[in-house]
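Engineer: Next one to model:
(2 chains)
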Amino acid sequence: MQAFLTILKYDFGQLSQSWVSRIWIIVMIIPAIFLIFLANYENEFASETMAFYTATVLMPASGLAIAVLSASSINVESGIIADSILSRAITRTEYVCAKILSRMGFILVTYSIVIIPFSYFMLRYGVNDTADSSVFLGWIVIGSILTAVAAFGILMSVLFANLLPAVLLVLLTVSLSSALMQFLGLELLSISAVIQELPEIFRGETLTSTGIQIIGIFLILTSIFLFPAVFIFGKKDL
Amino acid sequence: MSVIQTSDLTKIYDNRYIALNALNLNVEKGSIFGLVGPNGAGKSTTFRLLLGLQKPTAGSISLFNEPMTLERADIRRRLGYLPTNPNFPKHMTPITYLEFVGGILGLDSRRAKIQLVRLLDSVDLTATASQPIKGFSTGMNTRLGIAAALMGDPELIILDEPTSGLDPAGRKQTIELIRELAGSNRTVIIATHILADVERACSDVGILSHGRMIYSGPMAEMRRLARQGNIHLEIEGNIGSFEQQIHTLDIPGAVKYEKVGSEFKITLLGTEPLSEYMHRILGLIDKTGVDLHFIRSGEDEIEEAFLRRLDDDKTRGALRAASWLNTQDTENSELDVQIKVDPPNASLSDNT
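Structural biologist: This next block holds a predicted model:
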């Protein structure tokens, strides 16, 4: 357990000092502040503004940052893994689970740090057309999507030795699958369709059960990506 | 008691490259075992398999009489490992890195701190203990790697090229450290291609060539084999007569020599003891009436013996290949896969 916690602490420390994380936070915060001011002066609806922010800032910036942070979780330090970590008293399962927890934890903590104050100020200074529970549901839906993207990135990190193809594959898969699912009418599986539905979710016009269904789908996808990542890493030659 | 035991350990990468070929390695507790071989012989692969960083294609590994697998962190807790040109998290300092290693090893923070201070002092890194690792030279990295390998006070220490990148003083210090470590009832296994280090530090030696162990035994035996029949002398006088009669020193075909001016390097391939050959050479000197300037048994003898072993292995490899091809012509029936596996296995008994 101590080895697991050591890796968790080490990785979390690395992520918090990474330039990708810093840029990601700045890119999310500046437009959020601007939109809060705009909503205040222009009397914008909170649901519409938050959905607009999600579609134009949060998802593109987070998609890119999460693709890089998750796809770099294992492959970029392959030399260090063999020489300094897995040649010592830690199992592969402990190592990869610590990595998954730290990457996902960091992504969700960063997301929450931005989203919670943004929502608070938006509901306070914009025209509040939402219900608290539906806003909460909306952000959990987005959080579950980001979790699934991160899980896919971690799987790519295990499969690819180089960072660039892993990141490109994450971005390509997310964009293409989103369009494809919408085209096939599987809207609950399409990220872009879910984002389009977000104002209704925030206003509480979408059934709670639909929101829970979306969360469930993306959490299942998360597990589908993570199990092979743990399994493949457990058998891999280093 | 064996600390390391491998049985027919084989590693084939991507069904294309045979890195280890049915390796049988046995390292006794308390010994310093030197694994010697040219680049690509399979030394680092052996270590990676021993550490459970890679899985064997075939064969088995047992450490401390327990089977080693990828998930055996409990066995790895008893090991210390120094890789060749170790990779460290570059933003860390030696202090934070050794604390990190202590954490992975499950050491409590206070014990880890005491241990790291002691180790940084013993590898002479105290002055640079708070500097980022990214600015370190190869030698400093190696010394930090040695400190990290010793953090958990391991029973078995695996060192891959421990003297690489070190200056002569650093090399000497490292060799002394290795000797000290083994003295405290630890087992040490070193991979290197610097034969002088093996000679100075090791009690046992194994020679790897193309993934096969072509010699394994005590260092003293290796020295004996090396010195056997390898005599260097300088004479003056009737050198021609001496040269003509050199072949009488042993059975026909068992005497080889090189002549540079008045110096002779005589290799006697027979099985007589060295003292007997010395006696015969002195007799020949007396008989031909030449003046002896110097005579000594073996020069760079370990290196000579090592190269001789590798040469023998190459020759035997060619003979094995030829006999195998003959077998194929006559038998003409076996499965392809079996054919590919058979020749190296057959060779093992020839070499040991």
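Engineer: I would like the residues contacting stretch A:223-238, please.
Structural biologist: Residues from elsewhere that reach stretch A:223-238 (Cβ atoms under 8 Å, 6 or more residues apart in numbering or on different chains): A:74, A:78, A:81-82, A:86, A:92-93, A:95-97, A:100, A:148, A:151-152, A:154-155, A:157-159, B:48, B:53-55, B:70-71. Every C-beta, even on glycine, is put in place using the N, C-alpha and C of the backbone.
Engineer: buried subset of the residues you listed?
Structural biologist: With burial judged by 16 or more other Cβ atoms under 10 Å in any protein chain shown, the buried subset of these is A:74, A:81-82, A:86, A:92-93, A:95-97, A:100, A:148, A:151-152, A:154-155, A:157-159, B:48, B:53-54, B:70.
Engineer: What is the burial count for residue A:73?
Structural biologist: 25 (other Cβ atoms under 10 Å in any protein chain shown).
Engineer: Please report phi then psi for it.
Structural biologist: Residue A:73 adopts backbone torsions of phi -60, psi -40, taken as degrees, to the nearest 10.
Engineer: got it, and residue B:156?
Structural biologist: Backbone torsions of residue B:156, given as degrees, to the nearest 10, read phi -120, psi 130.
Engineer: which element is the most centrally placed residue in chain A on?
Structural biologist: The centroid of chain A falls nearest to residue A:146 when counting by Cα atoms, centre = their mean (2.5 Å). Here residue A:146 sits within helix A:132-159, counting by DSSP states H and E.
Engineer: Quick one: list the elements packing against that helix.
Structural biologist: Counting contacts by 3 or more Cβ pairs under 8 Å, 6 or more residues apart in numbering or on different chains; DSSP states H and E, helix A:132-159 packs against helix A:59-71, helix A:92-125, helix A:163-183, helix A:191-203, helix A:208-235.
Engineer: Tabulate these (JSON lines), appending mean pLDDT.
Structural biologist: Putting the helices and strands packed on helix A:132-159 into JSON lines (pLDDT from 0 to 100) gives the following:
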{"stretch": "helix A:59-71", "mean pLDDT": "94"}
{"stretch": "helix A:92-125", "mean pLDDT": "94"}
{"stretch": "helix A:163-183", "mean pLDDT": "90"}
{"stretch": "helix A:191-203", "mean pLDDT": "91"}
{"stretch": "helix A:208-235", "mean pLDDT": "93"}
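Engineer: Take those and write them to CSV, including distance to residue B:294.
Structural biologist: Shown next, in CSV, are the helices and strands packed on helix A:132-159 (distance: least, Cβ to Cβ, whole Å):
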stretch, distance to residue B:294
helix A:59-71, 67
helix A:92-125, 60
helix A:163-183, 63
helix A:191-203, 85
helix A:208-235, 61
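Engineer: Of those, give the one that comes closest to residue B:192.
Structural biologist: Closest approach to residue B:192 among these (Cβ to Cβ): helix A:92-125, 28.9 Å.
Engineer: got the buried residues for that closest one?
Structural biologist: Residues of helix A:92-125 classed as buried: A:92-100, A:102-104, A:106-108, A:110-111, A:114-115, A:118-119, A:121-123, A:125 (neighbour count, 16+ other Cβ under 10 Å).
Engineer: buried set for stretch B:24-31?
Structural biologist: Buried, per 16+ other Cβ under 10 Å, within stretch B:24-31: B:24, B:25, B:26, B:27, B:31.
Engineer: Residue numbers of chain B in contact with chain A?
Structural biologist: B:48, B:51-55, B:70-71, B:73-74, B:76-77, B:79, B:81, B:83, B:86-89, B:91, B:97, B:100-101, B:103-106, B:145, B:148, B:152 (Cβ under 8 Å from any Cβ of the partner chain).
Engineer: which of these are buried?
Structural biologist: B:48, B:51-54, B:70, B:73, B:76-77, B:79, B:81, B:83, B:86-89, B:97, B:100-101, B:103-106, B:145, B:148, B:152.
Engineer: from these, which ones fall inside strands?
Structural biologist: B:79, B:81 (DSSP state E).
Engineer: Dump the host helix or strand of residue B:232 to CSV, keeping only the CA atoms.
Structural biologist: According to DSSP H and E, residue B:232 maps onto strand B:230-236. Extracted in CSV, the C-alpha atoms of strand B:230-236 (Å, rounded to 0.1, in the frame of the first residue of the first chain):
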residue,chain,number,x,y,z
ASN,B,230,50.0,-19.6,-22.0
ILE,B,231,53.7,-18.7,-21.7
HIS,B,232,55.4,-15.5,-22.7
LEU,B,233,59.3,-15.4,-22.9
GLU,B,234,62.1,-13.5,-24.5
ILE,B,235,65.4,-15.1,-25.5
GLU,B,236,68.6,-14.2,-27.2
